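*Asks:* Got a predicted structure plus its sequence, pasted below:
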Amino acid sequence: MSRPVIVVHGGAGTWHPERQSPGIKGAKEAALEGFKILKAGGSALDAVEAAVMSLEDNEVFNAGRGSTLTIDQRVEMEASIMDGKTLKAGAAGLLRDIKNPVKLARIIMEHTDYVFLVGEGAEKLAELFNLERANPITELRLKYWKNLKEKLLKGEVNYLPKLHKLVKENPNLFVYETVGAVALDNEGNVAAATSTGGMTLKLPGRIGDSPLIGCGNYADNESGACSATGIGEIAIRLVLAKTVCEYMRSMDAQTAVEEAIKLVNRRIAGQANFMGLIAVDTKGNIGAAHNSPNMCWAYMKPNMDEPEASLTAKLIKQ
């Protein structure tokens, strides 16, 4: 058995050349941030929160500071966190300027009777706990937004109803990426956390899989933990993170994520269905797979001097 273990992802999709090196670096930094906590005897919950906060603070990722923009040039961030020991979870959505949405998700989990708060109610809770605010809009995200908006206004994009065609024709303009982390601590507890800025040019009010427990995020000490990235509607329709955790009851983490991506390819075929998954099972096995061109991810285990990171994992072709 390998303990402790952490796996992080910075998003599945098509990674632009300008973001590839910073993405690898940022994923390593996030994995190391979480692993330091685990190595010192800290909890899996603390580790995934710290790792995701690191990713949220890095503008190369579509979460927190680097969040993508809605069709009307706003930011609506989402995040969730889950404790595999207690099955407690917290989630927040439609956040405008919370610096670290995953931190608010944990506050919801630990200081309210609820799982999921959005919009004004979530922002008011953030005020009560003096959470730091920050403008998440970056020049890079503005550039992506302007490029796709221009194509939309020219009639070159028939938005969303024909998303599969759009993805094929404009793979570098769409952003579905999410950040996340899963961990197993020295006590055998697992946890997962996921955060995102959403989908480029999405309609205001749309909520993806990242804050939906069981869809983009799940953790259970009886099986393992999973964080998803990609097109949120796919993960929602297949309850994908929970599906991976159920698979891990009878198979290792790598097999589980591969089977889940095969499920995506089979059940949501012929549509825009880019997805990526990371997981850790209760024995410390890790898993990472995707059907998208890239997935930025990293992991760290005992006896490793530094995290391993890559822009690809196990690619399950469609």
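*Replies:* Okay, I see it.

*Asks:* those strands in the stretch 1-150 of the chain, which residues are they?
*Replies:* Counting by DSSP state E, counting those that start in this stretch, the stretch 1-150 of the chain has strands at residues 5-13, 77-83, 89-95, 116-118.

*Asks:* Show me what the mean pLDDT comes to for the last one.
*Replies:* For strand 116-118, mean pLDDT is 98.

*Asks:* Parallel or antiparallel, list what pairs with that strand.
*Replies:* Sheet pairing of strand 116-118 (DSSP bridges) gives strand 89-95 (parallel).

*Asks:* mind listing what Ala47 touches?
*Replies:* By CB atoms under 8 Å, 6 or more residues apart in numbering, the residues touching Ala47 are 4, 6, 34-35, 37-38, 181, 183, 185, 191. Any C-beta I mention is one placed from the backbone N, CA and C, and that applies to glycine too.

*Asks:* Go through the strands of the stretch 1-150 of the chain and name the closest to Ala253.
*Replies:* Closest to Ala253 of the strands of the stretch 1-150 of the chain, according to CB to CB: strand 5-13, at 8.7 Å.

*Asks:* Paired strands for that closest one, with orientation please.
*Replies:* strand 179-184 (antiparallel), strand 294-300 (antiparallel).

*Asks:* Show me which positions of the shortest one end up buried.
*Replies:* Yep, that's strand 179-184 we're talking about. Buried residues in strand 179-184, counted by 16 or more other CB atoms under 10 Å: 179-184.

*Asks:* could you dump the strands of the stretch 1-150 of the chain to a markdown table with mean neighbour count?
*Replies:* Below are these laid out as a markdown table (neighbours: other CB atoms under 10 Å):
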| stretch | mean neighbour count |
| --- | --- |
| strand 5-13 | 31 |
| strand 77-83 | 32 |
| strand 89-95 | 27 |
| strand 116-118 | 20 |
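
*Asks:* Including distance to Ile236, could the ones you listed go into a markdown table?
*Replies:* As requested, the strands of the stretch 1-150 of the chain are arranged in a markdown table below (distance: least, CB to CB, whole Å):
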| stretch | distance to Ile236 |
| --- | --- |
| strand 5-13 | 15 |
| strand 77-83 | 12 |
| strand 89-95 | 13 |
| strand 116-118 | 13 |
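
*Asks:* Of those, give the one that comes closest to Glu56.
*Replies:* Between Glu56 and the strands of the stretch 1-150 of the chain, the tightest spacing by CB to CB is seen for strand 77-83, at 8.0 Å.

*Asks:* and that closest one, what other elements does it pack with?
*Replies:* Using 3 or more CB pairs under 8 Å, 6 or more residues apart in numbering; DSSP states H and E, the elements in contact with strand 77-83 are helix 44-56, strand 89-95, helix 101-111, strand 190-196, strand 217-220.

*Asks:* follow-up on the earlier one: most neighbours, which of the contacts of Ala47?
*Replies:* When neighbours are counted by other CB atoms under 10 Å, Ala181 leads these with 38 neighbours.

*Asks:* Beta-bridge partners for it, please?
*Replies:* Beta-bridge partners, per DSSP bridges, of Ala181: Val8, Ala193.

*Asks:* Please verify my assumption that it contacts Ala27.
*Replies:* No: Ala181 lies out of contact with Ala27 (CB atoms under 8 Å); the separation is 10.0 Å.

*Asks:* okay, and the common contacts of these two?
*Replies:* The contact lists of Ala181 and Ala27 share 8-9, 55, where a contact means CB under 8 Å, 6+ apart.

*Asks:* With respect to Glu308, which of these is nearest?
*Replies:* Lowest distance from Glu308 to the shared contacts of Ala181 and Ala27 (CB to CB) belongs to Val8, with 11.1 Å.

*Asks:* What pLDDT does the model give the closest one?
*Replies:* Looking at Val8, its pLDDT is 98.

*Asks:* re earlier: which among the shared contacts of Ala181 and Ala27 gets closest to Gly216?
*Replies:* His9 (11.2 Å).
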